[in-house]
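Engineer: Okay, sequence plus prediction incoming.
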Amino acid sequence: MARIVFFGLGNMGRPMALNLQNAGHQLLGHDIVPSMRDAFVAAGGRLGDDEASSLADADFVFSMLPAGPHVRKLYEEMIIPHVSKNATLVDCSTIDVETSRLVAGLAADAGIVMMDAPVSGGTVGAEAGTLTFMVGGDDGGFAKAKPLLDIMGKNIIHAGGHGNGQAAKICNNMMLGIQMISVCEAFNLAESLGLDAQKLYDISSTASGQCWSLTTYCPTPGPVPTSPANRGYQPGFTAAMMRKDLGLAEQAATSSQVATPLGNQAAALYQMFCSAGGQDVDFSGMIRFLKSGQAAGDKQ
């Protein structure tokens, strides 16, 4: 069994780490937030005593952190200087492509294999072990990491070289953010025209309007019982996280000189939603924001 160190025990990282531990691997968790450490221990996880000693014996190091600066600081100041040269590093955070490639270069300069492996599937997928991993890095690193990724995910896709996992993630989430807005607008329009939401779902889910935002994550209560719309828009994926990912797509588009007008507009709408108090609401709560200008859960 592998010796694994996992940095970042939040809503995504915690269940991912626990799935690895429950598969029989020796895992030590680390997080700078006391409440995250406490929740990990309460769920049966084991914490490392200190980062440097944990890293010295690690076969694999995983990380799930909020943003690029956190990833760079952790790898540059802690992981790369202290980890075994034989370890494989896997960053599952969603960050900008530039930082991802920079950190992978720092690892390569130290003779250490590193992969970027952002995920899709939200907290439900993290808990169920059904995430999609979009992996960037060389073939050898992918082969080493895949057996562990298979424990945490259902679809493990090698996207190409370093940073390509991040590229795939931000492109995917730009599509998702745009599509969710379109579905929200359509259901609001249907309601105003007297068309029942279930009828629209029954038609569009088998017609040309079909997409994941409709069939799996329908933003109006009723048609998809497991969607956040049926639990008061409690998040599987918050509006703030969607705004972050759309911002990464904007940044990449600007640096690549690629026109993404719908992506830019989606980013602006999610910023408005967050500014209205929806940052911790599921991103599908956009439907109520478009209808009333208020964050989901507020009184109409």
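Structural biologist: Here it is on my side, so go on. Numbering: from 1, shown residues only.

Engineer: Strands along the stretch 1-150 of the chain, start to end?
Structural biologist: Secondary structure of the stretch 1-150 of the chain by DSSP state E, counting those that start in this stretch: the strands cover 3-7, 26-30, 60-63, 88-91, 113-116, 119-120, 131-136.

Engineer: now for the first one, which elements pack on it?
Structural biologist: What it means is strand 3-7. Contacting strand 3-7 under the criterion 3 or more C-beta pairs under 8 Å, 6 or more residues apart in numbering; DSSP states H and E are the following elements: helix 13-22, strand 26-30, helix 51-56, strand 60-63. To be clear about C-beta, it is placed using only N, CA and C from the backbone, and glycine gets the same treatment.

Engineer: deepest of the ones you listed, which one?
Structural biologist: Comparing the helices and strands packed on strand 3-7 by mean neighbour count (mean count of other C-beta atoms under 10 Å), strand 60-63 ranks first with a mean of 25.

Engineer: Give me the residues contacting that one.
Structural biologist: For strand 60-63, contacts defined as C-beta atoms under 8 Å, 6 or more residues apart in numbering pick out 2-8, 13, 16-17, 20, 55, 71, 74-75, 79, 83, 87-93, 144-145, 148.

Engineer: Secondary structure element holding residue 171?
Structural biologist: Using DSSP states H and E, residue 171 sits within helix 164-192.

Engineer: about what we covered before: and residue 46, which of the strands of the stretch 1-150 of the chain is closest to it?
Structural biologist: Among these, the nearest to residue 46 by C-beta to C-beta is strand 26-30 (6.0 Å).

Engineer: just to revisit the earlier point, which of the helices and strands packed on strand 3-7 has the lowest average pLDDT?
Structural biologist: Lowest mean pLDDT within these: helix 51-56, at a mean of 94.

Engineer: Same list (the helices and strands packed on strand 3-7) but as JSON lines, adding distance to residue 115.
Structural biologist: Output for the helices and strands packed on strand 3-7, formatted as JSON lines (distance: least, C-beta to C-beta, whole Å):
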{"stretch": "helix 13-22", "distance to residue 115": "15"}
{"stretch": "strand 26-30", "distance to residue 115": "18"}
{"stretch": "helix 51-56", "distance to residue 115": "17"}
{"stretch": "strand 60-63", "distance to residue 115": "10"}
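
Engineer: Out of these, which is closest to residue 214?
Structural biologist: Each of the helices and strands packed on strand 3-7 has some distance to residue 214 by C-beta to C-beta; the shortest is helix 13-22, at 26.2 Å.

Engineer: Please save the CA atoms from the closest one in CSV.
Structural biologist: Extracted in CSV, the C-alpha atoms of helix 13-22 (Å, rounded to 0.1, in the frame of the first residue of the first chain):
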residue,chain,number,x,y,z
GLY,A,13,-10.2,17.3,-0.2
ARG,A,14,-11.5,15.6,2.9
PRO,A,15,-13.7,12.9,1.1
MET,A,16,-11.0,12.4,-1.5
ALA,A,17,-8.4,11.7,1.2
LEU,A,18,-10.8,9.5,3.1
ASN,A,19,-11.5,7.4,0.0
LEU,A,20,-7.8,6.8,-0.4
GLN,A,21,-7.4,5.9,3.3
ASN,A,22,-10.4,3.6,3.2
